[in-house]
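In: Build me a structure from this.
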Amino acid sequence: MKDQQAMAEKPTRQPVPVNLITGFLGVGKTTAIRRLLANKPADEYWAVLVNEFGEVGIDGAALSEASDTLNVVEVPGGCICCTTSPMLRVSLTRLLQSRRPDRLIIEPSGLGHPAGIIDVLRDPFLAAVLDLRATITLVDPRHLDDSRYTSHEIWRDQLSLADVLVANKCDRADAAQIDRFQALAAAMFPPKLAVTTGCQGEFDPALLDATSNGVGMTSKYVARVPPSLSARSGTRTRMPTALHAGPTVQYRDNHGDGQTSRGWLWDASQRFSAERLATLFQSLHDHTAFGLPAVQRAKGVFHTDHGWLLFNWVAGEASASEIAWRRDCRAELIVASRQADWATFEAALFATREDGESA
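Out: Residues are numbered from 1 along each chain as shown. Modelled structure (predicted):
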């Protein structure tokens with residue numbers, strides 16, 4: 001703790017950009033990182049923190065040969081993804097005190113839950129010196145044919161958490177498997193910042209700094225932008241009224257095919273009441289109480305007092321489940337009409353926020 005306080009009290013400097021490169025065992029994470037290191041700006045000093053499941057570190061040795069302007073920190077054994085483990089905090093503190101890198105890459109174990117790492121990186125002391133950028137998840141398209149992967153909680157969490165999805169080893173997959181990957185990526189909620197394909201761990205290094213543009217993002221890499229978040233609709237930012245006092249919220253409207261939708265977006269630091277959200281989603285069957293046309297679909301991912309939860313409402317039934325997503329809080333509602341008055345529902349939605357709470 002003293003080391004962290006001392007680190008935070010040093011003269012203000014630009015936070016270090018941090019990326020997570022995740023993916024299941026054998027998907028090609030180390031190859032991808034080596035390629036990034038080989039093509040990084042020559043005048044930049046990068047650091048890589050590697051966590052392997054076994055007690056004997058192998059990836060660190062492989063990465064150390066990739067560049068002379070590199071610091072590789074290994075954390076073999078255990079799992080740095082666990083928020084109760086001090087290993088990640090200690091390793092990061094020592095790394096930043098030894099020589100401040102221009103970028104930090106973290107490679108979690110293929111058997112780790114990377115959401116725990118993001119929770120640690122948002123610790124106030126670390127957040128003051130680290131700038132969390134895009135989380136890149138590599139996927140082998142061939143795994144979509146194997147229930148040992150698709151039914152595995154960690155595999156699903158890695159895909160859910162990703163800001164950018166990269167189908168790696170596409171030279172070994174057939175067209176149907178790649179199409180299946182694209183369809184899976186396009187259907188995911190929240191939508192990804194980018195989706196791309198490649199082989200030998202290759203992807204555009206610019207994706208390390210991919211950022212969200214409002215509720216959704218259009219990009220040459222995106223397989224498909226959900227219609228409700230398409231570029232046809234403008235993004236606006238406003239402050240809620242005094243009745244719904246809270247942080248700035250971004251929202252986006254869309255109309256088409258006899259339907260209209262609105263999406264809301266909050267910073268990840270905002271926290272909501274899981275109980276109030278559950279009540280709200282369960283009440284959507286009575287759409288007239290909100291002055292709305294018939295609800296077609298409602299969904300949202302929220303940082304709540306019971307962790308990060310995905311809420312869904314479809315065909316009159318509401319559900320909630322844990323989710324690894326950590327980028328932001330967001331909600332979307334689609335109704336069967338070309339126009340809608342969102343005021344009453346929006347007031348109820350804003351009222352689910354835990355005022356005064358922080359991440």
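
In: What is the burial count for Ser147?
Out: For Ser147, the neighbour count with other C-beta atoms under 10 Å is 9. Yep, even glycine has a C-beta here, placed from its N, CA and C like the rest.

In: distance of it from Phe272?
Out: 34 Å (C-beta to C-beta, to the nearest Å).

In: repeat for Phe311
Out: For Phe311, the distance to Phe272 - C-beta to C-beta - is 10 Å.

In: Which neighbours do these two have in common?
Out: The contact sets of Phe311 and Phe272 overlap at Phe302 (C-beta atoms under 8 Å, 6 or more residues apart in numbering).

In: who are the neighbours in contact with the residue nearest to Ala343 when sequence neighbours are not counted?
Out: Leaving aside its chain neighbours, Ala343 sits nearest to Gly291 (7.4 Å; criterion: C-beta to C-beta, 6 or more residues apart in numbering). Contact partners of Gly291, counting by C-beta under 8 Å, 6+ apart, are 341, 343-345.

In: of those, closest to Gly110?
Out: Phe345 (41.6 Å; C-beta to C-beta).

In: Surely that closest one is within a helix?
Out: Yes. Assignment of Phe345 by DSSP: H, G, I helix; E, B strand; the rest coil places it within a helix.

In: any idea of the pLDDT on the closest residue to it other than its chain neighbours?
Out: In space, and not counting its chain neighbours, Phe345 is closest to Phe290: 4.2 Å by C-beta to C-beta, 6+ apart. On pLDDT, Phe290 comes in at 96.

In: how close does Phe290 sit to Leu280?
Out: 9 Å.

In: Glu202 now?
Out: Computed with C-beta to C-beta, the distance linking Glu202 and Leu280 is 44 Å.

In: can you check Gln259 too?
Out: On the measure of C-beta to C-beta, Gln259 and Leu280 end up 21 Å apart.

In: Just the pLDDT for Ala66.
Out: 46.

In: nope, Val75 is what I meant
Out: For Val75, the predicted pLDDT is 65.

In: try Ala274
Out: For Ala274, pLDDT reads 97.

In: Count the neighbours of it for me.
Out: Count around Ala274 with other C-beta under 10 Å applied: 18.

In: what's near enough to touch Thr196?
Out: 164-167, 203-204, 207, 221.

In: Specify the beta-bridge partners of it.
Out: Val166 (DSSP bridges).

In: And it, how far from Asp146?
Out: The gap separating Thr196 from Asp146 is 22 Å, by C-beta to C-beta.
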